[in-house]
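Enquirer: Quick one, what's the 3D model for this:
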Amino acid sequence: MAKQIDGYLGGFRGKLGPAVGYVWNGVWCLRSRPGRIRNPRTEAQQQHRELFKQEVQLAATMGQALNKGLGKVARSMHMTPQNLFVKASQEAFSLEDNRLAVDYSQLVLSAGPVAPVAFGAPEVREGNVLSISFEKNPLHLRADWCDSVYLFVYCPEFGGGYLTAPVYRKEQRISVVLPGNFAGKEVQLYGFVQDAKGRSSETIYIGYGPLEEGNGSEIEGSEWGVNGSEGGVNGTIDTVVNTENSADNQEYRPNDSQINPPSLPSHSPS
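Expert: Next up is the predicted model:
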């Protein structure tokens with residue numbers, strides 16, 4: 001930067017060759033013209049941008065679960081839960097024909113030191129009620145029976161899902177009444193546990209399957225230790241739902257406003 005005393009060519013603003021003229025605190029000044037910003041927009045670069053865009057869109061449809069399951073860890077890392085989800089779940093994403101393909105078993109929806117639970121096989125009862133039992137993980141000797149257990153039911157076709165109100169670990173069963181338009185649709189099931197301090201467990205991927213009455217045994221991946229992990233997905237990291245329902249009330253009916261509107265046409269893996 002050079003200060004202009006008598007003014008170069010009488011003083012000027014804007015670009016002149018390699019220089020830019022401007023006024024700062026009433027003084028005419030010069031600075032060098034910045035170099036051209038390189039943005040070649042190569043095919044690989046545009047693919048990366050498109051992938052990130054669609055990852056963020058998916059994160060938005062899972063906002064309730066991410067805010068609850070990743071909120072505390074994200075704040076400690078000065079990140080949003082959605083950004084942390086995208087970062088921790090990178091191995092689950094790819095682009096196929098310019099559309100997001102997702103390995104749902106690898107998604108990281110929660111993270112923390114709390115002992116998880118072992119979910120059994122999901123059951124679908126009359127009235128579109130999804131119910132699943134769980135037990136304390138025998139590999140963890142210390143677990144508070146008053147920890148809160150959550151179930152997240154995600155429907156890729158609709159691009160949204162429900163996070164249930166919590167039940168106590170001691171209840172050993174959690175149920176949710178899903179909307180009628182979920183009937184027969186494939187859902188992805190996740191669970192996690194949270195203690196009184198707001199710390200979470202790792203993500204527990206329960207499995208996937210169609211919501212058809214009496215098909216509990218057909219929902220895959222319901223055994224403990226999906227993909228060989230203890231309590232869920234192995235992550236790369238060491239708006240809260242309504243909890244007015246008593247934890248003793250094991251069946252929870254979400255409001256229509258609690259499902260996120262679809263923003264992606266489909267997230268089903270090819």
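
Enquirer: A helix includes residue 52, no?
Expert: Yes: when DSSP: H, G, I helix; E, B strand; the rest coil is applied, residue 52 is found to be in a helix.

Enquirer: what about the nearest residue to it once chain neighbours are set aside, which SS state?
Expert: Counting by CB to CB, 6 or more residues apart in numbering, residue 52 lies nearest to residue 86, which is 7.3 Å off, once chain neighbours are set aside. C-beta: built from backbone N, CA, C; applies to glycine. Following three-state DSSP, residue 86 is assigned to helix.

Enquirer: show me where this structure has helices.
Expert: Along the chain, counting by DSSP state H, helices occupy 43-61, 63-76, 81-88.

Enquirer: In terms of secondary structure, what does the longest one contact?
Expert: The reference is to helix 43-61. Using 3 or more CB pairs under 8 Å, 6 or more residues apart in numbering; DSSP states H and E as the contact test, the elements touching helix 43-61 are helix 81-88, strand 93-96, strand 99-102.

Enquirer: out of those, which comes closest to residue 121?
Expert: strand 99-102 (23.2 Å; CB to CB).

Enquirer: Report the buried residues of the closest one.
Expert: 100, 101, 102 (16 or more other CB atoms under 10 Å).

Enquirer: Can you spell out the domain ranges of this protein, please?
Expert: As given by automatic domain parsing, the domain ranges for the chain are 2-32, 59-258.

Enquirer: between these, which gets the lowest average pLDDT?
Expert: Per-stretch mean pLDDT for those is lowest at domain 2-32 (a mean of 70).

Enquirer: Against residue 77, how distant is residue 122?
Expert: Applying CB to CB, to the nearest Å, the value for residue 122 to residue 77 is 32 Å.

Enquirer: Looking at these two, which is more packed in?
Expert: The residue with more neighbours, out of residue 122 and residue 77, is residue 122; 24 against 12, by other CB atoms under 10 Å.

Enquirer: The more buried one and residue 134 touch, don't they?
Expert: No: under the criterion of CB atoms under 8 Å, residue 122 makes no contact with residue 134, lying 10.7 Å away.

Enquirer: Need the winner for burial among the domains of the chain.
Expert: domain 59-258 (a mean of 18; mean count of other CB atoms under 10 Å).

Enquirer: for residue 133, what are its contacts?
Expert: By CB atoms under 8 Å, 6 or more residues apart in numbering, residue 133 lies in contact with 119, 120, 172, 173.

Enquirer: hey, what's the residue nearest to residue 131 when sequence neighbours are not counted bridged with?
Expert: Beyond its immediate neighbours in the sequence, the residue positioned closest to residue 131 (CB to CB, 6+ apart) is residue 175, lying 4.1 Å away. Using DSSP bridges, the bridge partners assigned to residue 175 are residue 131, residue 251.

Enquirer: so residue 175 touches residue 128, yeah?
Expert: No: counting by CB under 8 Å, residue 175 sits too far from residue 128 to count as a contact (11.0 Å).

Enquirer: returning to that earlier point: so which of the domains of the chain gets nearest residue 40?
Expert: Closest among the domains of the chain, once you apply CB to CB, is domain 59-258, at 19.3 Å.

Enquirer: Can you give the distance from that closest one to the centre of its chain?
Expert: Mean-position distance between domain 59-258 and its chain equals 10 Å (CA atoms, centre = their mean, to the nearest Å).

Enquirer: Over to stretch 24-39?
Expert: So, by CA atoms, centre = their mean, the centroid of stretch 24-39 is 42 Å from its chain's centroid.

Enquirer: partner residues bridging residue 135?
Expert: On the basis of DSSP bridges, residue 135 is bridged to residue 118.
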